[in-house]
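Undergrad: next comes the sequence, and after it the predicted model I'd like to discuss.
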Amino acid sequence: MIPPHIRARVTDLDPEALPAYLYDRAGLRAHAAAVRAALPERVEVHYAAKANPAPEILTALDGSVSGFEVSSGGELAHVLAVLPGARIAFGGPGKTETELIAALRAGVRRIHVESRAELHRLIALAARHAPDRDVDVLLRVDVPLGGELLRGAALTMGGDPSPFGLDPDEAEQCLHLLRGPDAGRVRVRGIHAHLASGLDADTQVAVAARIVDWTRTVADRHRIALSEVNVGGGMAVDYTDPTARFDWSRLGAGLADILAGRADLSLRIEPGRALTAYCGWYATEVLDLKRSHGAAFAVLRGGTHHLRTPAAKGHDQPFAVLPSPHPWPHPWPRPQTTAAEVTLVGQLCTPKDVFARRRPVARLAVGDRVVFAMAGAYAWNISHHDFLMHPHPTFHHV
Ligand SMILES: *Cc1c(COP(=O)(O)O)cnc(C)c1O
């Protein structure tokens, strides 16, 4: 589960460098290139920066992805600072005027409109801040899927009441506005729909087909071209099996079928987690071992204030144990456990600070190193770093 070069690096780290995040940039590059190669040419890949916006991650992806999806003015400024020429799609609910103006000034390639009020605001701001340019938008729509397509999803953003995107009738009102004289140079290029995360390839394809069909029906009714369809991200990541990967070839084949015979259609996807989850590791060490009411606990240096993923998602973070690289320096015996199951926790004074519950371990001793896998997405950057004021981890790009 832990590649040899990551394992070696963890063993070499000075104890003072723990906890540490390690990112495998070469592995990420190879993975992103394989994803790109599995998809038809007419499918563009944008990386959803919110999954992990670290500059080293963005630059490693540059070249394999054709652009970046940002969801705030902060992400917009950050991605442009790291990759000045990047093609950017700006989405997300609750865009402020300041953010919209920044996007207009930067000339972002697409703005994903989330509400009718936002469209009105954008049209007014575009007339003032980008009067000489076309402003290309996609309408983010909660496209009706019918049936039970999203049943297996980890998170849903569509199909139920949500603050995301436009209901279909609202979207049609927006199209009306965009076709009229008041739209100025704001042009609708197509539809954006990010309806769920945690979908397997077959479900992704079925969802994409419905989004494309809905888009075509609405385009015909309004007699406009909606030639671009962004079917979102949300490709499944299985935290119970670190060796499993989303079936990109199957997605590619399914999207190729959707594109067949539609020369005017272009598709875009915007995955986050499934691109970067696998390239990150959070390495730390066992500080203490104890028993409580018959259960074994290992207290690790650090905690979910560094790696919030297991607390946020309510899963066990997969991990491997590496024996302590140092001889035990004390006259008393090294504490160790051979309990059948151990719960791995961090240093925070809250019962929620749990990495993994009742996991089988062969043997665990104080000073052993524990390496959590799948810590490359929604990990450090979603964590409440300063809660309890422990030191931050160190970062290593290997
Ligand atoms: C978060 C998000 C994504 C990425 O989702 P993943 O599950 O990380 O692939 C894509 N598009 C939008 C609009 C999002 O909010």
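TA: Yep, that arrived.
Undergrad: name the residues that touch the longest helix anywhere in the chain?
TA: As assigned by DSSP state H, the longest helix anywhere in the chain is helix 201-222. With contacts defined as Cβ atoms under 8 Å, 6 or more residues apart in numbering, helix 201-222 is touched by 141, 143-146, 149-150, 152-153, 168, 171-172, 175-176, 179, 190-191, 193, 195-196, 199, 225-226, 229, 231, 234-235, 246-248, 250-251, 254-255, 257-258, 265, 267. Every residue, glycine included, has its C-beta placed from N, CA and C.
Undergrad: mind giving me the PyMOL command for buried ones among the residues you listed?
TA: The buried residues among the contacts of helix 201-222 can be selected in PyMOL (16 or more other Cβ atoms under 10 Å) with this line:
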select buried, resi 141+143+145+149+150+153+171+172+175+190+191+193+195+196+199+226+229+231+234+235+246+247+248+251+254+255+258+265+267
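Undergrad: for this protein, name the helix or strand with the lowest mean pLDDT.
TA: strand 155-156 (a mean of 78; mean pLDDT, DSSP states H and E).
Undergrad: list the helices and strands that one packs on?
TA: Secondary-structure packing of strand 155-156 (3 or more Cβ pairs under 8 Å, 6 or more residues apart in numbering; DSSP states H and E): strand 196-197.
Undergrad: can you tell me if stretch 300-310 touches the ligand.
TA: No - contact of stretch 300-310 with the ligand (Cβ under 6 Å from any ligand atom) is absent, the minimum separation being 11.9 Å.
Undergrad: return the set of buried residues in that stretch.
TA: 300-310.
Undergrad: same thing with stretch 2-9?
TA: 2, 6-7, 9.
Undergrad: take those and keep only those in helices.
TA: 6-7, 9.
Undergrad: redo those residues as JSON lines? Include distance to the ligand.
TA: Output for the ones in helices among the buried residues of stretch 2-9, formatted as JSON lines (distance: Cβ to the nearest ligand atom, whole Å):
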{"residue": "6", "distance to the ligand": "22"}
{"residue": "7", "distance to the ligand": "27"}
{"residue": "9", "distance to the ligand": "26"}
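Undergrad: what does the stretch 51-200 of the chain put close to the ligand?
TA: So the stretch 51-200 of the chain meets the ligand at 51, 69, 71, 91, 194, 197 (Cβ under 6 Å from any ligand atom).
Undergrad: go again using 8 Å as the cut-off
TA: With the criterion set to Cβ under 8 Å from any ligand atom, the stretch 51-200 of the chain comes near the ligand through 51, 69, 71, 91-92, 112, 140, 155, 157, 164, 192, 194, 197-198.
Undergrad: ok so, going back, need the contact partners of the least confident helix or strand of the chain.
TA: 150, 162, 195-198, 234.
Undergrad: mind doing that once more with 6 Å?
TA: 150, 196-197 (Cβ atoms under 6 Å, 6 or more residues apart in numbering).
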